[in-house]
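Colleague: predicted model and sequence follow; I will ask about them next.
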Amino acid sequence: MNAVLACSAVVCLGGELKLSTDFAGGSVGQVSTVSELHLRVGVKGQADQDGRNRQASWYSFRVSGAGKGKEVILDLVDLPGEYNYQANRGAITKDTRPYWREKNGPWVEAPGDYDAAEPKWRLRIQPKGSEFYVAHIPPYTQKSLELLRKTLKPVAETWGNSLGGRQIEVWTFDLSKGKVDAPVVWVMFRQHAWEAGTGWVGDGFMKNLPPGIVWKILPQSDPDGVAEGGVRFNKAGYDLNRNWDAVNDVAKRPEILAEKTAIEQWLAGGKKIDLFLSLHNTETGEYLEGPPESKLGRELWAALKERTTFDPDREYFSRMKVEGAGRANVIQWLWGVHKQPAFLMELRVGMSKKLGERPGTESWSAFGAGLAREIAALVLLR
Ligand SMILES: [Zn+2]
């Protein structure tokens, strides 16, 4: 039998090892057997509606059948791709060491080496149990969000469904105590499914909302991607943080349409937005961007830098010029069309000098709490 196995839905076999993705957010590409305890594991990646901009920055799988204490070698391959139409050697590099965990253990960085020549990550894992998990970063799934919903009991409204039939919701936490001119803050999470770090940020953020503010949360912008192990495009290949200037199309981009409708109806009702923020992850960059010469943006940048683990690699900046049709992101649209104070933040998943380590679930959650506190302090002053 050919050693190369197509491995899409549930299970594939490599010698004694079994590799599976039959759980929320599970994803892997083609897997082949090198030897009994050594697999080549392709990262599936995802391309856009035109087959361009392939990004391979999500994998999440279970390995079972390993003998307890025996070393398993996993080569993560098929990494190169494109970003904004520029070819690259992959979003997964030496700076983004994979994570692994024992069946019931915490996520930790996996032992192994990055080989820039192929490129590939060769992991050498010696599990104590017969089953372990590997992922790009610690996953934050719909189940995690449902737990949060149970705890916090937001007022949830559904504004549409994803292509996969999952609800696009807005969660409201009205902490204004009926104060008429209370500040309104909108925060958006997971436009890109792989960016699970922002899921953990959102968790800490929503658990620590300061009073006096109407908080409007878009908690899950790409529920299909989060559930099915997507990277940065919806099921039709559309980037949910581009295409905000494209014609509304419920057959291609219902997720954007739902969120756009929620925001536009809010504004059409004569209601204000004091601050809008969309949260993202990158490999190594960390920054805040928004409208040009924004006092609010500069103050938020400075407050976060001073009092949280935000560790920016550049000053506050603006890039509101849309680079071609269908390329507007949510803040370019909100600022360009509606003149709203819309910001986008990138948080690195690689090494943070300020933390002295890579961010993890706890530091992300703590940052979320700090972010809510600093936003509140600023908008309550205005
Ligand atoms: Zn993103």
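Modeller: On my side now, so go ahead. Numbers count the residues shown, from 1 in each chain.
Colleague: look up how far residue 291 lies from residue 206.
Modeller: 25 Å (C-beta to C-beta, to the nearest Å). Quick note: C-beta positions are derived from backbone N, CA and C, even for glycine.
Colleague: the two: which is more packed in?
Modeller: A direct count of neighbours by other C-beta atoms under 10 Å for residue 206 and residue 291 places residue 206 higher, at 24 against 20.
Colleague: confidence score at the more buried one?
Modeller: Note for residue 206: predicted pLDDT of 98.
Colleague: kindly report the same for the one 3 residues further on.
Modeller: At residue 209, the pLDDT value in this model is 98.
Colleague: that one is in contact with residue 369, isn't it?
Modeller: No: the pair residue 209 / residue 369 is not scored as a contact, 9.3 Å apart, by C-beta atoms under 8 Å.
Colleague: does residue 67 belong to a helix, a strand or coil?
Modeller: Under DSSP: H, G, I helix; E, B strand; the rest coil, residue 67 falls in the coil class.
Colleague: what residues are up against it?
Modeller: 16, 37, 130 (C-beta atoms under 8 Å, 6 or more residues apart in numbering).
Colleague: now neighbour count too, for those, in CSV please.
Modeller: Shown next, in CSV, are the contacts of residue 67 (neighbours: other C-beta atoms under 10 Å):
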residue, neighbour count
16, 13
37, 19
130, 14
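Colleague: now secondary structure, pLDDT and distance to residue 314 too, for the residues you listed, in JSON lines please.
Modeller: Formatted as JSON lines, the contacts of residue 67 follow (DSSP: H, G, I helix; E, B strand; the rest coil; pLDDT from 0 to 100; distance: C-beta to C-beta, whole Å):
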{"residue": "16", "secondary structure": "coil", "pLDDT": "80", "distance to residue 314": "49"}
{"residue": "37", "secondary structure": "coil", "pLDDT": "94", "distance to residue 314": "44"}
{"residue": "130", "secondary structure": "coil", "pLDDT": "90", "distance to residue 314": "46"}
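Colleague: let me have these in TSV, adding distance to the ion as columns.
Modeller: Below are the contacts of residue 67 laid out as TSV (distance: C-beta to the ion, whole Å):
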residue	distance to the ion
16	38
37	36
130	36
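Colleague: find the closest residue to the ion in the stretch 251-382 of the chain.
Modeller: Among all residues of the stretch 251-382 of the chain, residue 280 sits closest to the ion, at 3.4 Å; criterion: C-beta to the ion.
Colleague: hey, what's the nearest residue to that residue once chain neighbours are set aside bridged with?
Modeller: Leaving aside its sequence neighbours, residue 280 sits nearest to residue 346 (C-beta to C-beta, 6 or more residues apart in numbering; 4.9 Å). Following DSSP bridges, residue 346 is listed with bridge partners residue 280, residue 287.
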